[in-house]
Each structure stands twice: as C-alpha cells, then as structure tokens.
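# Structure for this input, please:
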Amino acid sequence: MKNYFPPSPRLANVLIAVACAGLIATALVLQTLLALNPCPLCITQRVCVMVVGVIALIAALHNPAQTGLKIYALLQALAALVGIAVAGRHVWIQSLPADQVPACGPGLQYMFANFPFMEALSLLFKGDGNCAVVDWTFLGLSIPAWVLVSCVLLLAINVWQFFRR
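Predicted coordinates:
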C-alpha cells in the first residue's frame, strides 16, 4: 500500500492548484448566485489566489528538481503574503466603526481608464467604503476573513514545501 502522506511535491502542488480553483469557484458562485459584487480589494484577493494556483499548476506540470521546487514554493509564498496583506486590510476596514470607514471611491473600470496605472493600482490596494460592507458570513467569518485564513494556509504549505527534503 502506498503512503500518501506527506504528499509528493507534485501532488502537493496539484492539491494547492485545486484548492485555489475551489476558492475562485466559490467566489464566482457567490457573485453570480447571491449577486455579491466584488469590491476592489476582493478582486485583488482573487488575483492573489489565482497567482498561487497558476504557479502551483505550473510547478506540478514541470515537476522540477529540488532547486526548482524551492523557487516555485517561494513564488507561491510571496503571492500568498500579498493575499494576506490585502485580505488583512480588508478585514480591518470591515471592522472599523461606521464613522471611520473610508469614503466610497470610483469603480474599478473607471480607475484604470482615468488614472495613471500606478495611481489606479494604489487606489485598488487601499480599498474604500464599498469594502466595508459585510454581505455574507460563514461560521462567523466574512469572505475576506476566509481568504485571509486560506492565504495563511497556502503560505504555511509553501513554507513547508520550501524547507522539505
């Protein structure tokens, strides 16, 4: 009988890619079926999760030697860290009292069409009043809180992948 724990680096990357695909699928289901439109920080979090998933898929397909595995794990960990930072900021904005919530800003398409790229990117990462709304919770956690938990787990797995022998 074959032992599947700990999983091989290839299997671990496949599982990471599948988990990321599941997170994005969940976000799309919530968006389409429950009409929960994503704010700029939500979209940024989705991009971070997609980047982790795509890198994991590439790593699984490539199945490199030890040095390559470390590079892929490092890239995934960096994307997960950005996801943690963005989701953490989003959770913080959601926890602010109503009188301290930032004003609602322009839409994402408007920002990229009318502002220089770096300024639009800066506005995207700051979030606004739209980001403070908690439309949906599961087990007492909002969507950004679940993304935060997910990104912390992705980071932990990739740190383990980086140091494994």
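
# Distance check, Val82 against Asn63.
Distance, Val82 to Asn63, by Cβ to Cβ, to the nearest Å: 26 Å. (C-beta placed from N, C-alpha, C; glycine too.)

# Among those two, which residue is more densely surrounded?
Between Val82 and Asn63, counted using other Cβ atoms under 10 Å, Val82 has the larger neighbour count: 18 against 12.

# Can you tell me, leaving aside adjacent residues, what's nearest to the more buried one?
Excluding the flanking residues, the one nearest Val82 by Cβ to Cβ, 6 or more residues apart in numbering is Cys48, at 5.2 Å.

# for the record, mean pLDDT for stretch 141-148?
Model confidence over stretch 141-148, given as mean pLDDT, is 91.

# can you offset everything so residue one is 40?
With the count now opening at 40, the last piece we talked about shows up as stretch 180-187.

# Need the CA coordinates for that stretch. PDB is fine.
Taking Å, rounded to 0.1, in the frame of the first residue of the first chain, the C-alpha atoms of stretch 180-187 are listed here in PDB:
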ATOM      1  CA  LEU A 180     -16.300  35.000   9.300                       C
ATOM      2  CA  SER A 181     -16.700  37.300   6.300                       C
ATOM      3  CA  ILE A 182     -15.400  36.400   2.800                       C
ATOM      4  CA  PRO A 183     -12.200  38.400   3.300                       C
ATOM      5  CA  ALA A 184     -11.600  36.700   6.600                       C
ATOM      6  CA  TRP A 185     -11.900  33.300   4.900                       C
ATOM      7  CA  VAL A 186      -9.500  34.500   2.200                       C
ATOM      8  CA  LEU A 187      -7.100  35.500   5.000                       C
END
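
# so how far is it off the chain centroid?
How far stretch 180-187 lies from its chain's middle: 10 Å, per Cα atoms, centre = their mean, to the nearest Å.

# And for stretch 70-87?
The chain centroid and the centroid of stretch 70-87 are separated by 11 Å under Cα atoms, centre = their mean.

# just stretch 74-92 next, same as before
6 Å.

# just stretch 85-99 next, same as before
That offset, for stretch 85-99, works out to 10 Å (Cα atoms, centre = their mean).

# One more: stretch 185-204?
Distance of stretch 185-204 from the chain centroid (Cα atoms, centre = their mean) equals 12 Å.

# So what touches it?
45, 48, 51-52, 55, 58-59, 62, 84, 87-88, 91, 108-109, 111-113, 115-116, 119-120, 122-123, 126-127, 129-130, 177, 180 (Cβ atoms under 8 Å, 6 or more residues apart in numbering).

# wait, Leu62 sits on Val88?
Yes. Leu62 is in contact with Val88 according to Cβ atoms under 8 Å; the separation is 5.1 Å.

# That concludes my questions; thank you for your assistance.
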